[in-house]
Each structure stands twice: as structure tokens, then as C-alpha cells.
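In: Sequence isn't available, so here's the structure alone:
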């Protein structure tokens, strides 16, 4: 009866939420809707609910199965694989790095220092540095000679050649080119530019007229029919499809929530049924049968067996202790027969005051004032 009441309450709540039962504020804020929306909404929601409930129940079943599989199989398997990876890969690599690669690298670094760095340093210090100083001295001497040659010979010759070349270029190239540009190229260019301007204006007028004709032709033949089709056909159809799509989307949302409540109620019912069919009988058997039997077995069998085992253990420990003591005494007797009695330590005479006695001037313990 409790299961039926819970299932009925869950279904009522799910239907109220899924079918969109409005609250008082929603009723006040709700805007009036057309008859098309009202006529589409209820059949669409019923059909979508019938289609969505099996999908939602299957989805919830898959979620529960996935969580159970993750908790019982995948997570322990992942931990085992992680431990196996550490044992087979990480720890061997760490040992290889610590005990093979690092010592080998240090040995190679030492060999490289001894065989390469030290000889190269000696060669640089005792061979390359003196040779470099000598070459630098030669380069400074050669540079001074070349600088004097440039300042005293090459520079005057270059200045004279440049002056002659500038004078020849000015009177042989620049002056004739300037005259040719002023008296021939400039008038011809002005004439060509005037002709091109006239042709451009004519072509602009021609293109403007052709564009105006094409614009009105395209507007009458294509734009106005397309505008009429959009305004009187596509926009109304689009509005109807938008209303239908919005209602279908809302119906899917409501149906998914209702299916969730239905799936929750069915899951609770199945859980309660499983508990009353399997868990409660097992619990009753454990509590009423196995627990008393276990207590009887513990009091009648296990505790006496444990007491007997403890008594046997104590007797065994005592026998072993007696055997060890006998062996120790036998070894002591054999040692005494073979080597005699051990020498007793002689107590040393101490001149230091014992107890709370203090030193005096007549009882000094130094080597010079002994009695």
C-alpha cells in the first residue's frame, strides 16, 4: 500500500509539472494564446510523452547500470592497472635512471672533461691565443698600410673620376632628356588624357543607362515576386512551423521531466519490491537463524577450541623454556669442567670519597700528596 501511494504521488507530481500546470503568478502573467496553439499543444504533448517515457526509463536504467559497473568493475580494475603500471613501468624506469643512467652520465661527463675539455683548454691557452695575437698584430699593420693607400692614392683618383662622370651625365643625358620631355612628351600626354576623359564620360553614361534598365528588369521579374512569396507564403508558413517547433520542444521538455518522475517511481517500486522479496528475507534469515547458530557455534565450539589452543600454547612455551634452561645449565657445566671456574673480578681501591664525604687538606687524592 505504501508503494502504491508513493507511486501515485510521484505520478501526480510528474503530471502536474510535465503538463505545465501553471501557478497563480504564471496565470496572472500568462498572455492570451491563439486557438492554433491550444489545439496543437495537447496532442503533441501526449504523443511526445508516449514516445519519451520508454527512452527516459532506458536512459535511467543505463545510468544505474553504468554507475554500478563503474563502482564494482571499472574503478577497481583501474586501480589494479595503475598499480601494475607502477610495478612494471614506473619503478623499473626509476631504478634504471637512478642506478644506470645517472652513474653512466656522470662517468661520461668525467671522461668528456678529461678527454675533451682539458685538452681544448690547454690548446686554446698555449696555441690559439698566441697565434691570434700574432695575426691581430699583422692585421693592424696591414690595415695601416691600406688606410694610407686609400687616403693618399685611391681617394684623390676617385674624386676626379666622379667629378668627370657627373659633368658628362649632366650635359649628355639630363639636359637632352629634360628638353625632350618639355617639348614632346608633355603635349602628347595632355592630348591623350583629354581623349581618354571624353571616352570615359561616354562609357559612364552608357553603363549607367544599361544598369538602370537591368535594375528595373530584375526588380519587376525577380524582386517583387520573391517579396510577395516571402510576405504572403513563407512568413505565415514559418510562423506556423515556429509555433509547432516551439510546442514540440516544450512538449519534449515536459515529457522528459514527467518520464523522469515516472522512472523514479518505477525505480522506487522495483527497489521496494526487491527489498521485500530478497533483502528482508535474507536479513530475517541472518538475524533469526544465522546469528543464533553463530552464537551457539562460538560458545560451544570456537571458544573451547580457542581455550584448548591457548592452553596447548602455554604448555608448549613452558616446555620450551624448561628445555632452553636445561640446555643453558648443561653448557655451563661443560664449560666449567673444561675451563674451570671463571675468575672473579677484583674490586679496585678507590681513594675518592664515598657517599657524602668531602675532600680535606689532609686527604688529597692527587699523585703528589698521596699518603
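Out: Thanks, I have the structure now. Predicted model only: the values in this text are computed from it and were never measured. Numbers count the residues shown, from 1 in each chain.
In: quick one, helices of the stretch 1-150 of the chain?
Out: 2-18, 24-29, 35-69, 75-85, 91-96, 102-112, 118-123, 129-149 (DSSP state H, counting those that start in this stretch).
In: how about those, which one is nearest residue 255?
Out: helix 35-69 (4.0 Å; CB to CB). Bear in mind the C-beta positions are built from the backbone N, C-alpha and C, glycine included.
In: Hey, what's the angle from that closest one to helix 75-85? Just curious.
Out: 50 degrees (axes from the mean of the first three to the mean of the last three CA atoms, to 10 degrees).
In: Which elements pack onto helix 35-69?
Out: Under the contact definition 3 or more CB pairs under 8 Å, 6 or more residues apart in numbering; DSSP states H and E, helix 35-69 sits against helix 235-274.
In: Show me which parts of the helix it packs on are buried, residue by residue.
Out: 243, 247-248, 251-252, 254-256, 258-266 (16 or more other CB atoms under 10 Å).
In: circling back to that earlier point, how about the helices of the stretch 1-150 of the chain, which one is nearest residue 308?
Out: helix 75-85 (40.2 Å).
In: how about low-confidence regions in the stretch 1-150 of the chain?
Out: 1-40 (pLDDT under 70).
In: Please repeat the previous calculation with a cut-off of 90.
Out: 1-61, 63-65, 67-68, 71-73, 112-119, 121-122, 124-150 (pLDDT under 90).
In: I'd like to know which of the helices of the stretch 1-150 of the chain lies nearest to residue 298.
Out: helix 75-85 (32.3 Å).
In: So what touches the closest one?
Out: With contacts defined as CB atoms under 8 Å, 6 or more residues apart in numbering, helix 75-85 is touched by no residue outside it.
In: Go again with 10 Å.
Out: The contact list for helix 75-85 (CB atoms under 10 Å, 6 or more residues apart in numbering) reads 69-70, 90-91.
In: coming back round to it: mind checking the helices of the stretch 1-150 of the chain for the one nearest to residue 334?
Out: helix 91-96 (51.4 Å).
In: How many residues are close by residue 166?
Out: Using other CB atoms under 10 Å, residue 166 has 11 other residues around it.
In: Which SSE is immediately downstream of the strand or helix carrying residue 179?
Out: Assigned by DSSP states H and E, residue 179 falls within helix 175-180. Elements were assigned by DSSP H and E; along the chain past helix 175-180, the next helix or strand is helix 186-218.
In: and for whichever helix or strand comes after that following helix, what are the contacting residues?
Out: Next helix or strand after helix 186-218 toward the C-terminus (DSSP H and E): helix 224-229. Under the criterion CB under 10 Å, 6+ apart, residues 218-219, 234-235 lie in contact with helix 224-229.
In: before we move on, what about stretch 89-106?
Out: 82, 85-86.
In: again, only using 7 Å
Out: Residues outside stretch 89-106 that contact it (CB atoms under 7 Å, 6 or more residues apart in numbering): none.
In: Pull the distance from it to the chain's centre.
Out: Here stretch 89-106 is found 27 Å from its chain centre; the criterion is CA atoms, centre = their mean, to the nearest Å.
In: quick one: terminal-to-terminal distance for that stretch?
Out: Stretch 89-106 has an end-to-end distance of 24 Å (criterion: CA to CA, to the nearest Å).
In: Report the lowest-confidence entry in the contacts of helix 224-229.
Out: Ranked by pLDDT, these bottom out at residue 219, which has 87.
In: show me what contacts that residue?
Out: Residues counted as contacts of residue 219 (CB under 7 Å, 6+ apart): none.
In: do you know how far it is from residue 122?
Out: 94 Å (CB to CB, to the nearest Å).
In: same thing with residue 259?
Out: In this view, residue 259 and residue 122 are 87 Å apart by CB to CB.
In: likewise residue 55?
Out: According to CB to CB, residue 55 and residue 122 sit 84 Å apart.
In: swap in residue 66?
Out: Applying CB to CB, the value for residue 66 to residue 122 is 72 Å.
In: next one: residue 253
Out: With CB to CB as the criterion, residue 253 and residue 122 are 85 Å apart.
In: ok, now residue 165?
Out: 58 Å.
In: One more: residue 310?
Out: Counting by CB to CB, the gap from residue 310 to residue 122 is 82 Å.
In: Could you do residue 239 as well?
Out: For residue 239 relative to residue 122 (CB to CB), the value is 94 Å.
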